[in-house]
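In: following is a predicted model, sequence given first.
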Amino acid sequence: MKSDQNDSASWRHLPVVTFLRKKKVFLHLILMAVAAITIVPYVWALSTSLKTRAAVFTPEPQWIPNPMVLVNYMEVFSMAPFGLYLINTIIVVLGVLAVQIFTVTTAAYAFSRLTFRGSNLLFVFFIIQMMLPVHAIIVPNYLTVRHLGVLNTRLAMMLPFFASGYGTFLLRQAFRQVPRDFEDAAVIDGCSGPVFIVRILMPMAKPTFVAFGLISIVTHWNDFFWPLVVTDTPSVRTLTLGLAMFVQQESGADWTLLMAATIFVTAPLLVLFVVYQRKFIESFMSAGLKG
Amino acid sequence: MRKGAFLLVAVCVALALGLGSCGDRGSARREGEPGLVRLTFYYPVGVAGPLARVMNTYVEEFNELHPDIEVVPVYSGDYDPTMQKVQTAVMGGNPPDLFIVEISELPTLLAMNGIEPLSAYASPEYLADFFPAFLENSYDEEGELWGIPFQRSTPVFYWNKEHFAEVGLDPERPPETWQEVREFAGKLNRPGRHGVTISGGWDDWLFQGFVRQNGSELINYRERRVTLNSPEAVEALEFWVALTQEDKVAPPHSTWASTPPDFVAGQTSMLYHSTGVLSFLRNSAQFDFGVAFMPGNVSFGAEVGGGNIHMGRGIPEQNRRAAWKFIEFLTTPELAARWSRDSGYVSVRVSSYDLPDMREYTDRYPEYLVARNQLDYASGKMMAPAFQEIREFLKSALNESTAGNMAPRAALDRAQRQAENLLREWLP
């Protein structure tokens, strides 16, 4: 019995075990497995995009293309103006986000800080807007855009998303968590209204803004149906519409081209996240009231 | 710092509004010219290849030939997105002048009053040169013409000649009957390789062909008759179950997009799929393969697929006349033949195949003639109001049978009940 305990104790103090525990090796192994599951499809897509057509469906999966070719990317670019699509996508995504930040912040401020008659009912309407699927309101939206005479423009792609029930909801919750004490202190120092929003509320809700920004960017980057419906010419169209050119119902896809296009369409977002990863995470570690 | 952020937002907003509203509408080449008729033309791309570019070339040629008409081609994704874009535009009071959608959408287009009748434009001589099977999906129950065949396909049978030689079958002789399919598949089946694959995804479409090979039909649109559970249909589904469950020589489930790659990778020796993948197989397969009629039972049999051209409802008279000129242009024997060579679709015009260019092409690639020859045994694609839902009923009956969860008769009886229930008002 005693020796058993001794054994287990000595086992616990083996240098290998200490190393494993200190460096959290098991946790890392699990994380690495999860990361691999996430990354493998992307790597396979990258690999396929660099293959010749005949090398895609070999009995043995071929991870490193042999021969490695860039013709797929060239062919993709010759089939549609992807550079233009990229610019359009960036304009639409940033345009939507910029207007959203303004509308969502002011709406959330009203719902969290101001008391006025019917505010609860109004908020319920905002929540309902969040639950309506895009497809259910596509015709009214189309009519609106048509009557404004902006069909087939970038503005048409952005217009329905300028207000966001989801963003308002998120920010209202975030603003509510900012204690009254801050507002009182600010008012005493002669800072109220818009200045208070910009100087105090927005910085304190930064993690929520970052989270909402990420969601907004990814949603509109990937949006397909609305841009398809309201645009006709390549000069205003976005990346996802270009990508759709490589998926076919009758014959199945042209895999090498589809993967090359997919890599091109997803790469900018991927680069963005890799570059700003640290900043995103930092923004979630914010300070509050002390003591 | 704060000011910088504000400035950034302001610039973004200005950029969004400014650049956003200055999108261009079609080519400004002949903007504002009096007497110019501008036509919007939505088209999907159904098979792989640079077909959007091909289509733009045709449109440019048409516009060159007709200085008073400008067709603006609008690529609108796959068949389903195209149909959704058409529906939104029609309901939004802004119908496209011309569009191509999948052929079984006709009852839906009629129900939403979205298309113009075409009998007044199409002469009997013009229509006589179309393959009759391709025209079947163009007419409503009263015999009015609503669409013109354009990008059209039909399923065919592919077999891997190397696998045939390997198991001692004659590589030049494909199976011609269901019984032979079953025998050959038994010989060809190996661990990691199926003897035969009846592609999933559009399996309801393939199933229609099997029922026809058995001497019956599933839906007769013009006579308003639905017979999903006829003895012939049950027997056809029992044949599928024999392959998937009893012999286990065919996969019970697959997707439309994955089976051609499976065939190319040698994971299935025989394949039922659209003629639309022939070019893909030719470019990808590193072995010799053959193309044949789908094997028959009572007789050979097939059904057609693809897309028809329609004219949007309520467009001005001058647009209608111009639109018809464009339809005629796209369906001349010469252009139909060119389109067939560019895309792999079957030409919709009979006389296309007598043109010198086309003869030379089919002499070089005789496999492209198989689909055309099979048209003698083909019928139109089944269609009905609310067809997408009926398709789902039928597909779940097929899937549950091939998975071994339900007997073919019970599954098809259920699909029939569901369809009758849904179509109560339409059925006589």
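Out: Nice, I can see it.
In: for the rest of this, base every contact and every neighbour count on C-alpha atoms.
Out: Will do.
In: can you get me a residue count around residue 201?
Out: All of this refers to chain A. Using other Cα atoms under 10 Å in any protein chain shown, residue A:201 is surrounded by 21 other residues.
In: that's the wrong chain, I wanted chain B
Out: Neighbours of residue B:201 using other Cα under 10 Å come to 16.
In: show me where chain B has strands.
Out: Along chain B, counting by DSSP state E, strands occupy B:37-43, B:69-75, B:98-102, B:148-153, B:155-160, B:194-198, B:219-220, B:225-226, B:268-274, B:289-292, B:302-303, B:305-311, B:378-379.
In: to residue A:64, which of the ones you listed lies closest?
Out: Closest of these to residue A:64 is strand B:268-274, at 25.1 Å (criterion: Cα to Cα).
In: before we move on, what's the pLDDT of the residue nearest to the spatial centre of chain B?
Out: Closest to where the C-alpha atoms of chain B average out (Cα atoms, centre = their mean) is residue B:306, at 2.3 Å. pLDDT recorded at residue B:306 is 93.
In: now do the contacts for the closest residue to it other than its chain neighbours.
Out: Leaving aside its chain neighbours, residue B:306 sits nearest to residue B:152 (4.3 Å; criterion: Cα to Cα, 6 or more residues apart in numbering or on different chains). Residues near residue B:152 by Cα atoms under 8 Å, 6 or more residues apart in numbering or on different chains: B:134, B:304, B:305, B:306, B:307, B:308, B:345, B:346, B:347, B:348.
In: closest to chain A among those?
Out: Closest approach between those and chain A, by Cα to the nearest Cα: residue B:306, at 7.7 Å.
In: tell me the contacts of the closest one?
Out: Contacts of residue B:306 (Cα under 8 Å, 6+ apart): A:250, B:46, B:102, B:103, B:150, B:151, B:152, B:153, B:154.
In: I'd like to know how many residues surround residue B:251.
Out: Neighbours of residue B:251 using other Cα under 10 Å come to 20.
In: which non-adjacent residue is nearest residue B:259?
Out: residue B:199 (6.1 Å).
In: burial count for the residue nearest to residue B:395 when sequence neighbours are not counted?
Out: Spatially, and ignoring its direct neighbours in sequence, residue B:395 is nearest to residue B:204 (5.7 Å; Cα to Cα, 6+ apart). Neighbour count for residue B:204, taken as other Cα under 10 Å: 22.
In: now do residue A:16
Out: Neighbours of residue A:16 (other Cα under 10 Å): 11.
In: in which helix or strand does it reside?
Out: Using DSSP states H and E, the element containing residue A:16 is helix A:15-22.
In: where does pLDDT dip in the stretch 201-350 of chain B?
Out: By pLDDT under 70, the stretch 201-350 of chain B has no low-scoring segment.
In: ranges for the helices of it?
Out: For the stretch 201-350 of chain B, the helices defined by DSSP state H, counting those that start in this stretch occupy B:203-213, B:231-241, B:259-264, B:278-284, B:317-330, B:333-343.
In: which secondary structure elements does the fourth one contact?
Out: Counting by 3 or more Cα pairs under 8 Å, 6 or more residues apart in numbering or on different chains; DSSP states H and E, the packing neighbours recorded for helix B:278-284 are helix B:259-264.
In: please apply the same query to the shortest one.
Out: For helix B:259-264, the contact count by 3+ Cα pairs under 8 Å, 6+ apart identifies strand B:268-274, helix B:278-284 as packing neighbours.
In: shaky segments in the stretch 51-200 of chain A?
Out: A:59.
In: now for the nearest residue to residue B:116 once chain neighbours are set aside, how many residues are close by?
Out: Distances taken as Cα to Cα, 6+ apart put residue B:313 closest to residue B:116, at 4.9 Å, once the chain neighbours are dropped. Using other Cα under 10 Å, residue B:313 has 22 neighbouring residues.
In: show me what contacts residue B:313?
Out: Contacts of residue B:313 by Cα under 8 Å, 6+ apart are B:95, B:97, B:113, B:114, B:115, B:116.
In: just residue A:23 next, same as before
Out: So residue A:23 contacts nothing (Cα under 8 Å, 6+ apart).
In: going by neighbour count, list what's buried in the one helix or strand residue A:91 maps to.
Out: Assessed by DSSP H and E, residue A:91 sits inside helix A:82-113. The neighbour-count check on helix A:82-113 (16 or more other Cα atoms under 10 Å in any protein chain shown) flags A:82, A:84-101, A:103-109, A:111-112 as buried.
In: cool, and stretch A:190-210?
Out: Here stretch A:190-210 shows A:191-192, A:196-197, A:200-202, A:204-210 as buried, counting by 16+ other Cα under 10 Å.
In: quick check: nearest residue in space to the residue nearest the centre of chain A, chain neighbours excluded?
Out: Central residue of chain A (Cα atoms, centre = their mean): residue A:218, 3.0 Å from the mean position. Counting by Cα to Cα, 6+ apart, the nearest residue to residue A:218 once its immediate chain neighbours are dropped is residue A:269, at 7.9 Å.
In: what is the neighbour count of residue B:413?
Out: Neighbour tally, residue B:413, other Cα under 10 Å: 18.
In: could you give the number of residues near residue B:356?
Out: 10.
In: for residue A:270, that is, sorry about that
Out: 11.
In: what's the answer for residue B:418, then?
Out: Residue B:418, neighbours per other Cα under 10 Å, totals 16.
In: am I right that residue A:152 is in a strand?
Out: No. Counting by DSSP: H, G, I helix; E, B strand; the rest coil, residue A:152 is not part of a strand but coil.
In: what segments of the stretch 151-291 of chain A are helices?
Out: A:154-158, A:165-176, A:180-188, A:193-196, A:202-204, A:206-222, A:225-230, A:239-243, A:255-283.
In: check which residues of the third one are buried.
Out: Of all the residues in helix A:180-188, those buried under the rule 16+ other Cα under 10 Å are A:183, A:186.
In: and what of stretch B:393-408?
Out: For stretch B:393-408, by 16+ other Cα under 10 Å, it's B:393-403, B:407-408.
In: and if you look at stretch A:116-123?
Out: So, applying 16+ other Cα under 10 Å, buried residues of stretch A:116-123: residue A:123.
In: over to stretch B:125-144?
Out: Buried-residue list, stretch B:125-144, by 16+ other Cα under 10 Å: B:130, B:131, B:132, B:133, B:134, B:135, B:136, B:137, B:138, B:139, B:140.
In: nearest to chain A, of these?
Out: Nearest to chain A among the buried residues of stretch B:125-144, with distances taken as Cα to the nearest Cα, is residue B:134, at 16.3 Å.
In: residues near the residue nearest to residue A:80 when sequence neighbours are not counted, how many?
Out: Among residues not flanking residue A:80 along the chain, residue A:242 sits closest, at 6.5 Å (Cα to Cα, 6+ apart). Residue A:242 has 24 neighbouring residues, counting by other Cα under 10 Å.
In: contacting residues for residue A:242?
Out: Here residue A:242 is in contact with A:80, A:82, A:85 (Cα under 8 Å, 6+ apart).
In: the last one touches residue A:237, doesn't it?
Out: Right, the one you point to is residue A:85. Yes. Counting by Cα atoms under 8 Å, residue A:85 touches residue A:237, with 5.8 Å between them.
In: close to chain A, is stretch B:74-89?
Out: Yes. With Cα under 8 Å from any Cα of the partner chain as the criterion, chain A is reached by stretch B:74-89 at B:74, B:75, B:76, B:77, B:78, B:79, B:81, B:84, B:85, B:88, B:89.
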